[in-house]
Structures are given as C-alpha cells and as structure tokens.
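Q: Need coordinates for the below:
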Amino acid sequence: MLNRLKRLRAVLTPKRIFRLVLMVAGGWLLVALILGLIVHFYGLVDRTQSADVIIVLGAGSGPALTRRSIHAAKLWQQGLAPR
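A: All right, here's what the predicted structure looks like:
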C-alpha cells in the first residue's frame, strides 16, 4: 500500500497536474468556441416562410422589444402572414 502511494506521488507531480488542468480547460474552451460559432452562423441564415400569424414575444420595454416589433412589422408588410 505504501509503495502504491509513493508511485502515485511520483506520477502526479504538480507540473503534470497543472498540464492536465490546462489541457482540460483548453478542451472545454475549444468546445465552447465551436458551439458559439455554430449558433452564430445558424442565426445568419434567413428562414422566413409563410405563416398564419406573427407573434412578437415580449422582452420588457426597451430596445429588444422595439427591434422585434420592427422586424415583425417588416415581415407583415412582406405579406408573410395576414395577422
């Protein structure tokens, strides 16, 4: 048992633990970056289509609600929905 602990201490040096933590953090950072790019480019594609109604979801009063309302008005003016 004592020999196993000595071998484990020899293998798990602070330098190796630091490298492992850096590799794991770097891997998660890469995954987050890739997912962020996927979401960004997915949002760039125009997916407008005809519908029965246009619904503007609330965002509290402010610039976000204004942007959404203007976008909904443009879609209605294009004739994508009767209401």
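Q: And P14, how close does it get to W28?
A: Distance, P14 to W28, using CB to CB, to the nearest Å: 21 Å. Heads up, the C-betas are built off the backbone N, CA and C, glycines and all.
Q: Neighbour count: those two, which is higher?
A: Each of P14 and W28 has its neighbours counted (other CB atoms under 10 Å); W28 has more, 10 against 7.
Q: in stretch 14-23, what counts as buried?
A: Residues of stretch 14-23 classed as buried by neighbour count (16 or more other CB atoms under 10 Å): none.
Q: And that stretch, how far out from the chain middle?
A: 27 Å (CA atoms, centre = their mean, to the nearest Å).
Q: For that stretch, what does the pLDDT average out to?
A: Per-residue pLDDT values across stretch 14-23 average out to 93.
Q: What are the contacting residues of stretch 10-24?
A: For stretch 10-24, there are no external contacting residues (CB atoms under 8 Å, 6 or more residues apart in numbering).
Q: Convert the C-alpha atoms of that stretch to PDB, please.
A: Presented in PDB, the C-alpha positions along stretch 10-24 are these (Å, rounded to 0.1, in the frame of the first residue of the first chain):
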ATOM      1  CA  ALA A  10       5.900  10.200  -8.400                       C
ATOM      2  CA  VAL A  11       3.400  10.100 -11.200                       C
ATOM      3  CA  LEU A  12       1.200  13.000 -10.100                       C
ATOM      4  CA  THR A  13       3.700  15.800  -9.800                       C
ATOM      5  CA  PRO A  14       2.300  19.400  -9.600                       C
ATOM      6  CA  LYS A  15       3.700  20.100 -13.100                       C
ATOM      7  CA  ARG A  16       1.700  17.100 -14.600                       C
ATOM      8  CA  ILE A  17      -1.400  18.100 -12.700                       C
ATOM      9  CA  PHE A  18      -1.100  21.700 -14.000                       C
ATOM     10  CA  ARG A  19      -0.700  20.400 -17.500                       C
ATOM     11  CA  LEU A  20      -3.700  18.200 -17.200                       C
ATOM     12  CA  VAL A  21      -5.800  21.000 -15.900                       C
ATOM     13  CA  LEU A  22      -4.700  23.200 -18.800                       C
ATOM     14  CA  MET A  23      -5.500  20.600 -21.300                       C
ATOM     15  CA  VAL A  24      -9.000  20.000 -19.900                       C
END
